[in-house]
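# coordinates only, sequence not included:
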C-alpha cells in the first residue's frame, strides 16, 4: 500500500549501504586492537604506581612550567615520559611534538588511561586553549616556537581576556596596543587571569585599532610574563584561595611576530577559544568526587535503613541530581558521537557549559546538605583544610567564568533558536 | 555503540514522519474526538501501519517478524508523539510483543507473534489495580482447578483495553501484595465469559478501560511463562513500555517546543515580536537545553534494550523520570507562551498537554521512577 513508508523497503536500501561499509571497518578495528595492546604494555611499564589514583582535588595536579615545583619524582617522571611520546597532547601533529594520534587511537589511549586510573600527566591552558588556536590560526613560525614547549610542559600559559570593565561584554575591552612599527606597546589591566602569578606566557586580547567598530580592531597577542611592565597580583576569593590574578600592563613591549592570525582580527580567534573554554568548564560538571558517586557518598554519610537512605527528602534530591547527571553525561557523549559521524551537531558548547556548570553548583549544594555541619569546617586535617566548603564556593564561579549562564542562554536563543 | 542513528534508523524515522503527517496528524485526533470515536483512530490506520511492517518491527524473524530493533521502533513512536497519533502500536506491537517474547512458549510465540506481525490481532496489558502504578501490589487472583485457572479481580487504566482481542493479565497465583513471587501472566480473550470491560474517557480521548474479571475460566495453555514467575517478564515489559512512553513524550516535547518557537517569531505585542523579550528567550533556551538531554537518554535507553544491556532497567527509569519532568515543563511552557490562544480548544497546542499527562502517569510517573532509580542504585 504505502510502499514509500514501508520498513521492508528501508531494510533493502540500508542493507546495500551496510555491506559496502563492513570491510573498511574491519581493517580499522584490527589496527586499533594492536595499538591498544602496545599502549597497555607501555603504560604498564611507564606509569608510576602513585600516578594511578585520582588527584585529591586540585593541588596535586601537574601544571608544569619554568618555575614549577613537582609534588613528587613520580609526578615529574610521568609527565616527562608521556611528553616524550607526545601523549600530553595526543592528537597534535608529531612535527610540533604531539602524539599524532587519530580519533580512534586517541579514544583507545583515553580508555587505557582510565582503566588504570592514570592521572592526567599535564594540566595545561597551553594544551587546552592556546595550542588548538595556534594549530588553527597561527603562523608556522609561531607553531614551531610555542607548541613543542607546551607539549613538554616547559611553558605554562595564562589567558588575558576579561577586564574590570569588560566581563560579559568582553568585546568592550579597553587595554590598548599602540603600534610602534615592528612592535606594540601595551597598556591596561586584565582581570581573572587564571594562575597569572604562576604562568610563563600570556595570550592576551588588546585593542590595536581604537577607531574600528567594537569587535574589529582587537588582536590576539602573545608575550612572556617576564617582560618588563607585566605585573600579576593574586585576587583572594570567597573560598580563601587565589587561583586568579589581576594583571597590570604598563608599557609592555609586544613583538608583532607574536600576533596570532591577522592584526585587528583577533575576535574570531577569541570566540573560538571561548568555545573551547566552555566545553572544558562544562565537562567539569560530571567529575566524581573522590571516586564515588553522589548516591554512594550520601548513602555512606546519611546511612541506610532497610536499604533506603535516611532522610527521604535528601534521597529524592540526590536521585534527581543523578538522573540529570546521567542525562548530561549522555548528552556530552552524543555530541561527541555526532561530530565523529559527521552529523549536524544538535547541542552546542553553550548548552553544555550552561547545563554542566548549573549541575555542578547543584551537586555541591546537595553535598553540603548531606554533610551537615561538617560541610562548613574551614580548616584542619579532618576536613582536608575545608575542601568541601571551599570547593562549594569555588563552583559559584563556574556559571560566571567563560561567559555567565545568562550569556550562554543568550547565545542559544540567538544563534540556535534564531530569536533576535 | 555510538549515540547516533544509523542510516536505516534515520530512514525509518523520516518515513514515519511522512506517513503520520499525511494520515494521522493532530487534526485527525480532533476529528476522532468530535465524532465520538471509540478507538481514537481511523478505521484503516492500523491496517496501514501493519502493511508497512510496523506491527512486525519487534517480532523476531523466526516468528514472521522483521527484528528491526528498539532504536528503529523508537523513532516511529517518537514521531507519533509529534502528531499525537493514537493506534494499537504501543499496546500491541510494543507491550504485547515484548511480553509474549519474554515469557511465551514456542507455541505461544508462533501463534501470537505471527498474528500480531500480520496485523491480525491486537493486545492490551492489564497490570494496575489502583490509581497509582504499583506492579508488586497485584492482588487479582488466579486459582488453578481442574486443569484450568479461574481469574478474579479488577484492573484499571488498561491502554486499548476496550478494543484489544487479547488481554495479557498479571494475576497472583501465590503470595501476597508486595511480593514479586507468585505473580503469573495470562492471555485472556477479551470476549471470554466473566470479562466486563468499561471504556473510560480520559483527557487525551484515547482508549483506556477498567476491566472486571469474575470467575473467568481459562485453559492452562493461557498461562504465559511459568506459574508464579511472571514478574521478571512483566518487569521487562514495563521497562520497554516506559522507554517507549519516554520516546513518545520526546516527540511531544519537540513538537510543543517547535510550535512555540514559531509562535514567538510571529506574535507581536508592544509593537515587537514577543521572541525579542529576554524573559522569554532565556526560558526558551533552557527548555531547548532540557530537550537535548532528553534526546540523549531516550536513544541510550533504546540502544540498551537492543543490546540486552544489564543497565537497561535503570536506564528505563532514568529516561521515564527525565521525560516526565521535561514533558510537564514543555506542555506548560507551550500553553503559557501561547497565552490566551493556548487556552482555546480551537488551537492544537492544548492537545499536547492533555496527551502528555496520561503518558506521564502510565506505568509510573516522575516520582515513581526517581524512587525506583534510587532503589536500583542501592539507596
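Thanks, I have the structure now. All figures in this text were calculated on a predicted structure; none of them were measured in a lab. Numbering: from 1, shown residues only, chains lettered A, B, ... in the order given.
# tell me, how many residues neighbour residue 276?
Using chain A. Neighbour count for residue A:276, taken as other Cβ atoms under 10 Å in any protein chain shown: 18. Glycine gets a C-beta too; all of them are placed from N, C-alpha and C.
# let's do chain B instead
15.
# quick check: it touching residue A:419?
Yes. Contact criterion Cβ atoms under 8 Å: residue B:276 and residue A:419 qualify, at 7.1 Å.
# find the nearest non-adjacent residue to residue A:137, please.
residue A:261 (4.4 Å; Cβ to Cβ, 6 or more residues apart in numbering or on different chains).
# so what's that neighbour up against?
A:137-138, A:220, A:268-269 (Cβ atoms under 8 Å, 6 or more residues apart in numbering or on different chains).
# is the host helix or strand of residue B:360 anywhere near chain A?
Element membership for residue B:360 (DSSP states H and E) is helix B:349-361. No. Applying Cβ under 8 Å from any Cβ of the partner chain, one finds helix B:349-361 separated from chain A by no less than 14.8 Å.
# what's the helix or strand just after that helix packed up against?
Downstream of helix B:349-361, the next assigned helix or strand under DSSP H and E is helix B:366-376. Here helix B:366-376 touches strand A:308-309, helix A:312-340, helix B:312-338, going by 3 or more Cβ pairs under 8 Å, 6 or more residues apart in numbering or on different chains; DSSP states H and E.
# point out where the stretch 51-200 of chain B drops to low pLDDT.
In the predicted model of the stretch 51-200 of chain B, no residue satisfies pLDDT under 70.
# tell me which parts of it are close to chain A?
Checking the stretch 51-200 of chain B against chain A by Cβ under 8 Å from any Cβ, the hits are B:51-54, B:56-57, B:66, B:68, B:72.
# same thing but 10 Å
Taking Cβ under 10 Å from any Cβ of the partner chain as the contact definition, the stretch 51-200 of chain B meets chain A at B:51-57, B:66-68, B:72-73, B:76.
# which one of those residues is nearest to chain A?
Chain A has its nearest neighbour among those in residue B:53, at 3.5 Å by Cβ to the nearest Cβ.
# wait, that closest one touches residue B:89, no?
No. Using Cβ atoms under 10 Å, residue B:53 makes no contact with residue B:89, being 11.8 Å away.
# the residue nearest the centre of chain A and residue A:128: what is the separation?
The centre of chain A sits closest to residue A:280, judged by Cα atoms, centre = their mean, with a distance of 2.6 Å. According to Cβ to Cβ, to the nearest Å, residue A:280 stands 6 Å off from residue A:128.
# same check on residue B:237?
Counting by Cβ to Cβ, the gap from residue B:237 to residue A:128 is 47 Å.
# who has more neighbours out of those two?
residue B:237 (28 against 17).
# show me what contacts the residue nearest to the centre of chain A?
A:125, A:128-129, A:349, A:352-353, A:356, A:402 (Cβ atoms under 10 Å, 6 or more residues apart in numbering or on different chains).
# could you pick out the buried ones from these?
Neighbour counting with 16 or more other Cβ atoms under 10 Å in any protein chain shown marks A:125, A:128-129, A:349, A:352-353, A:356, A:402 as buried within the contacts of residue A:280.
# need the strands for the stretch 151-300 of chain B, in chain order.
Applying DSSP state E, counting those that start in this stretch to the stretch 151-300 of chain B gives strands spanning B:166-172, B:183-189, B:195-200, B:208-219, B:223-224, B:268-269, B:272-273.
# ugh, wrong one, chain A
A:157-160, A:176-179, A:183-194, A:201-207, A:218-224, A:230-235, A:244-255, A:259-260, A:304-305, A:308-309 (DSSP state E).
# which of the ones you listed sits closest to chain B?
Minimum separation from chain B across these (Cβ to the nearest Cβ) falls at strand A:308-309, 4.4 Å.
# and the closest one, which strands flank it?
Here strand A:308-309 is paired, per DSSP bridges, with strand A:304-305 (antiparallel).
# any stretches of chain A with poor pLDDT?
If you take pLDDT under 70 as the line, chain A has these spans: A:1-27, A:56-59, A:282-291, A:344-347.
# would you map the helices across the stretch 51-200 of chain A?
A:73-84, A:103-115, A:125, A:131-137, A:140-151 (DSSP state H, counting those that start in this stretch).
# what distance do you get for the residue nearest the centre of chain B to chain A?
Centroid check for chain B by Cα atoms, centre = their mean gives residue B:245 as the closest residue, at 4.3 Å. Per Cβ to the nearest Cβ, to the nearest Å, residue B:245 is found 16 Å from chain A.
# hang on, that residue packs against residue B:94?
Yes. Using Cβ under 10 Å, residue B:245 makes contact with residue B:94 at a distance of 9.4 Å.
# who touches both of these two?
Listed as contacting both residue B:245 and residue B:94 by Cβ under 10 Å, 6+ apart are residue B:77.
# residue A:207 reaches residue A:174, doesn't it?
Yes. With contact defined as Cβ under 10 Å, residue A:207 counts as touching residue A:174 (6.4 Å).
# which residues are in contact with each of the two?
Both residue A:207 and residue A:174 are contacted by A:166, A:188, under the criterion Cβ under 10 Å, 6+ apart.
# what about the two, which has more around it?
Each of residue A:207 and residue A:174 has its neighbours counted (other Cβ under 10 Å); residue A:207 has more, 24 against 14.
# so that one versus residue A:64, what's the distance?
Counting by Cβ to Cβ - residue A:207 and residue A:64 are separated by 31 Å.
# with residue A:302 instead?
40 Å.
# which one's more surrounded, those two?
residue A:64 (26 against 19).
# which residues touch that one?
A:70, A:76, A:79-80, A:83, A:88, A:121-124, A:126-127, A:149-156, A:200.
# contacts only, for residue B:130.
Residue B:130 neighbours (Cβ under 10 Å, 6+ apart): B:137-139, B:154, B:156-157.
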